[in-house]
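In: quick one, what's the 3D model for this:
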Amino acid sequence: MDLDVFVTAHRAEWDRLEHLLHRGRRLSGAEADELVALYQRTATHLSLIQSIAPDPMITTRLTQLVARARATVTGARRATWRDAVRFLTAGFPAAVYRARYWWIPTAVLSTLLAAVIGWWIGAHPEIQSAIGAPDELRQMTRPGGEYETYYSSHPAASFAAQVWTNNAQAAAMCLVLGAFLCLPVIAVLFVNVLNLGVGIGLMSSAGRLDTFLGLILPHGLLELTAVFVAAGTGLRLGWTLIDPGPYSRRTAMAQQGRAALGMAIGLALVLFVSGVIEGFVTPSGLPTWARIAIGVAAELAFLVYVYVLGGRAARDGETGDVEALDRSAELPTAA
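Out: Prediction:
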C-alpha cells in the first residue's frame, strides 16, 4: 500500500469527521448518521495503516479521532454488576479454557519435575547435606517440626491473607513477565517447583511423605492449578510476541494482554479460596482424609467451572477480552 496515496484519498473523510466531532451535540440526524459511518470507516483505515504501513504521526491522529468518535457514538460506559457477572460466568472461565493447551502441559511437566527433584533429594543424602545441616533438617521434618507448624504459626485469618497476597503476586508476575519472551515466567515457575520438590525429598527421606502430602494437598491442588494457569498464560503471551498469528504484533499483544489482565483478577479470586483453605482447613484438627477431600472438591469445582461454563462460553465466541465497544477496531494482517 502506498501510504501517501492512501492518505491523499482519505484525508477529506478524516477532516470531515473531525469537523463533526467539534460540533458535538448540534448535529442533525443526517450528520449523526454521517459521523457513525465516518467513525467506522476511519477505524478501518487505522487498522490498515497499523497493520501494513505504520506511520507515527498518522497513527496518532487517527487513534485520537477514533477514540473521540467512539466516545461520541457510544457515550460514556460504566462498569455494572452485569459486567461482573458476565466476567465470572463467561469471560474468565472462557479465557482459562482457551489457554488450556498452555497451562495443562505446564502443570504436567512441573509436577513431573517436582517429583523428580523430590526423588533425587530423597535418594541422595549428600544433596540433603548441601541443603542444610543434619540438625536443621531434623528440625524441619520431625513431628511438630517446621513443615507442620508453618501452617499454624499465625492466626488463621492473617495467615490466609498473607498466603493469598504472596500467591497472587506470584501469579501476577507470571502473567506480566510473559511479555519478556517467556524466560522470567520459567524462572518464577521453577522456583515454585523447586520448593515443592525439596519438601517432597526431605519429608520422604524422613519417612513422613504422607504427612507432607496431607498438609500440601488440601490447598495445594487449587493453588498450584492457579499458578500453572498464570504461568501458561504468561508463556502464551510471550509466544504471541514471537508469533502474533494473523494479526499485527501490536494488535495480538493487545488482545492477549487484555485477556491476561482479566485472568489476573479471576485468579486472585481463585487464590483467595485456596488461601482460605490453607489458613483454616490445612492446620485444622480434621482427619487427613477430610482435609484432602476438601481440597479435591475445590479443585474439581474449579475444573468443572472452567470446562463447563468456560467451554460453553468459548464455543459461543467468548475470548476473555473486553467488550468490542471498549477496544480499538482491528483487522487481520495481510498474508
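
In: any idea how far the residue lying closest to Gly145 once chain neighbours are set aside is from Ala123?
Out: Leaving aside its sequence neighbours, Gly145 sits nearest to Gln139 (CB to CB, 6 or more residues apart in numbering; 5.7 Å). From N, CA and C alone the C-beta is placed, and that goes for glycine too. Distance, Gln139 to Ala123, using CB to CB, to the nearest Å: 22 Å.

In: wait, Leu137 sits on Ile127?
Out: No - Leu137 is beyond contact range of Ile127, at 11.2 Å (criterion: CB atoms under 8 Å).

In: export stretch 132-144 to CSV, keeping only CA atoms.
Out: Taking Å, rounded to 0.1, in the frame of the first residue of the first chain, the C-alpha atoms of stretch 132-144 are listed here in CSV:
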residue,chain,number,x,y,z
GLY,A,132,21.2,-27.9,55.4
ALA,A,133,22.9,-29.4,58.4
PRO,A,134,21.5,-32.6,59.8
ASP,A,135,20.1,-30.9,62.9
GLU,A,136,18.4,-28.3,60.8
LEU,A,137,16.8,-30.9,58.5
ARG,A,138,15.6,-32.9,61.5
GLN,A,139,14.1,-29.7,62.9
MET,A,140,12.2,-29.2,59.7
THR,A,141,11.0,-32.7,59.1
ARG,A,142,10.4,-34.2,62.7
PRO,A,143,6.8,-34.5,64.1
GLY,A,144,5.8,-31.0,65.1
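
In: what's the single longest helix in the chain?
Out: Counting by DSSP state H, the longest helix found in the chain is helix 209-242.

In: that helix: which residues count as buried?
Out: By 16 or more other CB atoms under 10 Å, the buried positions in helix 209-242 come out as 209, 211-241.

In: what about the strands in this structure?
Out: Using DSSP state E, no strands are found in the chain.

In: so it: which segments form each domain?
Out: For the chain, automatic domain parsing gives the domain ranges 3-74, 82-326.

In: can you list the ones you listed in CSV and add mean pLDDT?
Out: Below are the domains of the chain laid out as CSV (pLDDT from 0 to 100):
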stretch, mean pLDDT
domain 3-74, 83
domain 82-326, 86
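
In: which of those sits most buried?
Out: Neighbour counts (mean count of other CB atoms under 10 Å) averaged over each of these peak at domain 82-326, with a mean of 18.

In: Ile277 contacts Gly295, doesn't it?
Out: Yes - the pair Ile277 / Gly295 is scored as a contact, 6.4 Å apart, by CB under 8 Å.

In: any common contacting residues for the two?
Out: Counting by CB atoms under 8 Å, 6 or more residues apart in numbering, the residues touching both Ile277 and Gly295 are Pro218, His219, Leu222.

In: mind checking how far the second one is from Phe228?
Out: Same thing as His219. 15 Å.

In: also the first one?
Out: Between Pro218 and Phe228 the distance is 17 Å, computed by CB to CB.

In: got phi/psi on the closest residue in space to Leu3 that isn't next to it in sequence?
Out: Among residues not flanking Leu3 along the chain, Ala53 sits closest, at 4.5 Å (CB to CB, 6+ apart). Ala53 adopts backbone torsions of phi -140, psi 70, taken as degrees, to the nearest 10.

In: and Val176, how far from Pro184?
Out: 9 Å.

In: ugh, wrong one, Ala90
Out: In terms of CB to CB, Ala90 sits 30 Å off from Pro184.

In: let me see the contact set for Tyr147.
Out: Tyr147 neighbours (CB under 8 Å, 6+ apart): Met140, Thr141, Gly199, Leu202, Met203, Thr211, Phe212, Leu215.

In: returning to that earlier point: for the longest helix of the chain, packing partners?
Out: Under the contact definition 3 or more CB pairs under 8 Å, 6 or more residues apart in numbering; DSSP states H and E, helix 209-242 sits against helix 100-123, helix 146-149, helix 156-177, helix 183-205, helix 249-276, helix 288-304.

In: mind redoing it with 10 Å?
Out: Counting contacts by 3 or more CB pairs under 10 Å, 6 or more residues apart in numbering; DSSP states H and E, helix 209-242 is packed against helix 92-98, helix 100-123, helix 146-149, helix 156-177, helix 183-205, helix 249-276, helix 288-304.
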